[in-house]
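Student: Here is a sequence together with a model predicted from it:
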Amino acid sequence: MPTTLTARRTIAERFAESFPNSQRLYSRATGLFPNGVTHDLRYLQPFPVYVERAEGSKKWDVDGHELVDWWSGHGSIMLGHSHPDVVEAVQHQMGRMTHPGACHELELEWGDAIRRLKPSVEKMRFVNSGTEATLMALRLAHMFTGKPKVLKFQGHFHGWHDFLIQAADPPYDTAVPGLDPVMLANLVVVPPNDLNVVEQTLIRDKQIACVILEPTGGHYGSVPMRGEFLRGLREITARHNVLLIFDEVITGFRVAPGGAQGYYKIQPDLTTMAKIVAGGLPGGCLGGRTDVLELLEFSNQPNRKMPHPGTFNANPLSAAAGIKTLGIVASGEPNRRANATAASFRAKLNELFVAEGVPWIAFGDFSGIKILTDYTGPRPAGRDDSPDGGFIPFGGEFAKLDAKPDARLKTAFRQALLLHGVDWPGLACMANAAHSEEDVERTVDAVRETIGLVREERLC
Ligand SMILES: Cc1ncc(COP(=O)(O)O)c(C=O)c1O
């Protein structure tokens, strides 16, 4: 009998076959949303996976697959999905009121919980997202100093509004489509981790009101920043009367109960918060020095009040989730667990990469895990449990660390991991307190299978 040679199915073909219900939903979504998605990061070809339930470290898709989840709700989930205490608090609040159109006691409790963990936050205002928080920080900084400019670092993301979206991703000097060039005139962008460049820029340009940064490095430490740089930055900004804004939308309550400023014992002038602050529900907060926040107060002086409405500011459901989450985070135990899981995960991935002989490397600080797929330099000696003392590839060389990964490999990596029960956003992810060593083992096994598949397609 003649033998028929059947070609092995590609990762993309297997992916399309394995998630038929997601594919069906996506065909509806393309008629509704640009690219069929509601957040750029959720875009995946030929279609993304639709999830219907999540609990702890897992989520379940509409085709019945159980997935180990490494998205951690874009960083907003610290205790794991649907933590019972948070669910109970929100359900209780739901039955009482969702929007009183009035002040309410929970906003006080929420504010107290934040201030207990972050002493630099003397006063605050609630907003609805990280984007809103950084927008408010800039407006206040401009009013307070009477200066129009902001200094930010290449590769740092602070939300999508016009003042700061530029230079969040390479190429940093190409204007983001849709941006009015007028916005760029007041934006000063410098490379990260060079105190001398910052100081010289502040000496040269007296119109700079503030410096904003992701304190553990852009995109949650893709190019890590460490304590020495942060302490130097605090000194320099103070010396030049420039406000220092820590964007702790991701790091706040994640790297430690008090965020990066708590971990490094640094007092920024202003802090932006979102994600974990609202316990996985929508919400954000801008906090900091009283003399700056006072600009939000009604005043007898003309043009001395920054207007700030916002229908869902301090929404009671977000407040209930935030209070419960911050109360649990205050012990530091969830942070320790997430950081330890990430350290174990990074070490096991690196063992795997060596065993498989691929030029891949895992690195990251705190609960972050990043993979680079074109690395041939020295490798970390073993597991490193110091939250921020770990190995940095390419000797910290910025351009190499922040380079965009190969798009075909990234897509195949995500598809292949989903085929093996793991949902991993791109080549970087975050651990949370619900992840277990078993999740790590299961994921490392999935990555091993994935390496085999992408090799067959000559993608690595
Ligand atoms: C550091 C940082 N700042 C600001 C934002 C924007 O927050 P949001 O998505 O809530 O607008 C993000 C979002 O990922 C972020 O990571």
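Tutor: Arrived safely, thanks for sending.
Student: Hmm, Val190 is touching Val198, no?
Tutor: Yes: with contact taken as CB atoms under 8 Å, Val190 and Val198 are classed as touching, separated by 6.3 Å. C-beta coordinates here come from the backbone N, C-alpha and C atoms, glycine included.
Student: residues of the helix ranked longest in the chain that come out buried?
Tutor: Assignment by DSSP state H gives helix 333-356 as the longest helix of the chain. Residues of helix 333-356 classed as buried under the neighbour-count rule (16 or more other CB atoms under 10 Å) are 334-335, 337-350, 352-353.
Student: Please export the C-alpha coordinates of it as PDB.
Tutor: Once non-C-alpha atoms are left out, helix 333-356 reads as follows in PDB (Å, rounded to 0.1, in the frame of the first residue of the first chain):
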ATOM      1  CA  GLU A 333       3.300  38.200  52.500                       C
ATOM      2  CA  PRO A 334       1.600  38.400  49.000                       C
ATOM      3  CA  ASN A 335       4.600  40.400  47.700                       C
ATOM      4  CA  ARG A 336       7.100  38.000  49.100                       C
ATOM      5  CA  ARG A 337       5.300  35.000  47.600                       C
ATOM      6  CA  ALA A 338       5.000  36.600  44.100                       C
ATOM      7  CA  ASN A 339       8.700  37.700  44.200                       C
ATOM      8  CA  ALA A 340       9.800  34.200  45.300                       C
ATOM      9  CA  THR A 341       7.700  32.500  42.600                       C
ATOM     10  CA  ALA A 342       9.200  34.800  40.000                       C
ATOM     11  CA  ALA A 343      12.700  34.000  41.200                       C
ATOM     12  CA  SER A 344      12.100  30.300  41.000                       C
ATOM     13  CA  PHE A 345      10.400  30.600  37.600                       C
ATOM     14  CA  ARG A 346      13.300  32.700  36.100                       C
ATOM     15  CA  ALA A 347      15.900  30.200  37.400                       C
ATOM     16  CA  LYS A 348      14.000  27.200  36.100                       C
ATOM     17  CA  LEU A 349      13.500  28.800  32.700                       C
ATOM     18  CA  ASN A 350      17.200  29.500  32.500                       C
ATOM     19  CA  GLU A 351      18.100  25.900  33.300                       C
ATOM     20  CA  LEU A 352      15.700  24.900  30.500                       C
ATOM     21  CA  PHE A 353      17.200  27.200  28.000                       C
ATOM     22  CA  VAL A 354      20.700  25.900  28.700                       C
ATOM     23  CA  ALA A 355      19.500  22.300  28.500                       C
ATOM     24  CA  GLU A 356      17.700  23.000  25.200                       C
END
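Student: Quick one, grab the pLDDT at Ala29.
Tutor: You'll see Ala29 listed with a pLDDT of 98.
Student: which one is it nearest to, not counting chain neighbours?
Tutor: Gly36 (3.8 Å; CB to CB, 6 or more residues apart in numbering).
Student: who touches that neighbour in this structure?
Tutor: Each residue near Gly36 by CB atoms under 8 Å, 6 or more residues apart in numbering is listed here: Tyr26, Ala29, Thr30, Tyr43, Phe47, Pro48.
Student: For these, which PyMOL command selects only the ones that are buried?
Tutor: A single PyMOL command is used to select the members of these judged buried by 16+ other CB under 10 Å:
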select buried, resi 26+29+47+48
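Student: Out of the contacts of Gly36, which is nearest to the ligand?
Tutor: When those are compared for distance to the ligand (CB to the nearest ligand atom), Tyr43 wins out at 15.3 Å.
Student: ok, and the closest non-adjacent residue to the closest one?
Tutor: With CB to CB, 6+ apart as the criterion, Tyr43 has its nearest non-adjacent residue at 4.9 Å, and that residue is Val37.
Student: any residue of stretch 366-380 up close to the ligand?
Tutor: No: contact of stretch 366-380 with the ligand (CB under 6 Å from any ligand atom) is absent, the minimum separation being 11.6 Å.
Student: Now do the end-to-end distance for that stretch.
Tutor: Across its full length, stretch 366-380 reaches 16 Å end to end, with CA to CA, to the nearest Å as the criterion.
Student: May I see the buried residues of it?
Tutor: Phe366, Ser367, Gly368, Ile369, Lys370, Ile371, Leu372, Thr373, Tyr375, Arg379, Pro380.
Student: Equivalent analysis for stretch 319-338, please.
Tutor: Within stretch 319-338, the residues that count as buried by 16+ other CB under 10 Å are 319-329, 334-335, 337-338.
Student: Just the closest of those to Glu109, please.
Tutor: Of all those, Ile323 has the smallest distance to Glu109: 5.1 Å, by CB to CB.
Student: for the closest one, what are its contacts?
Tutor: Ala89, Leu106, Glu109, Trp110, Ala113, Gly279.
Student: try 10 Å
Tutor: Shown here is Ile323, whose contacts under the criterion CB atoms under 10 Å, 6 or more residues apart in numbering are 86, 89, 93, 106-114, 278-279.
Student: The one helix or strand Glu13 maps to - contacts with which helices or strands?
Tutor: Assignment of secondary structure by DSSP states H and E places Glu13 within helix 11-18. Other helices and strands packing on helix 11-18, by 3 or more CB pairs under 10 Å, 6 or more residues apart in numbering; DSSP states H and E, are helix 20-29, helix 407-419, helix 437-456.
Student: residues making contact with that helix?
Tutor: Outside helix 11-18, the residues that touch it by CB under 10 Å, 6+ apart are 7-10, 22-23, 44-47, 49, 61, 63, 65, 411-416, 418-419, 450, 453-454, 456-457, 459.
Student: how about a cut-off of 6 Å?
Tutor: Contacts with helix 11-18, where a contact means CB atoms under 6 Å, 6 or more residues apart in numbering, come from Pro46, Ala412, Gln415, Ala416, Leu419, Leu453.
Student: Separate out the buried members of these.
Tutor: Looking at the contacts of helix 11-18 with 16+ other CB under 10 Å, the buried ones turn out to be Ala412, Gln415, Ala416, Leu419, Leu453.
Student: dump the residue contacts of the first one.
Tutor: What that stands for is Ala412. Shown in contact with Ala412 (CB under 6 Å, 6+ apart): Ile11, Val454, Leu459.
Student: give me that answer again for 7 Å
Tutor: Taking CB atoms under 7 Å, 6 or more residues apart in numbering, we find Ala412 in contact with Ile11, Val454, Glu457, Leu459.
Student: Likewise for the fourth one?
Tutor: Taking CB under 7 Å, 6+ apart as the criterion, Leu419 is in contact with Arg14, Phe15, Ser18.
Student: per-residue confidence at the residue nearest to Ala29?
Tutor: 98.
Student: For the spatially closest residue to Thr443 that is not a sequence neighbour, report the pLDDT, please.
Tutor: Leaving aside its sequence neighbours, Thr443 sits nearest to Val422 (CB to CB, 6+ apart; 5.1 Å). Confidence at Val422, expressed as pLDDT, is 98.
Student: what's the neighbour count on Val422?
Tutor: Residues near Val422, counting by other CB atoms under 10 Å, number 23.
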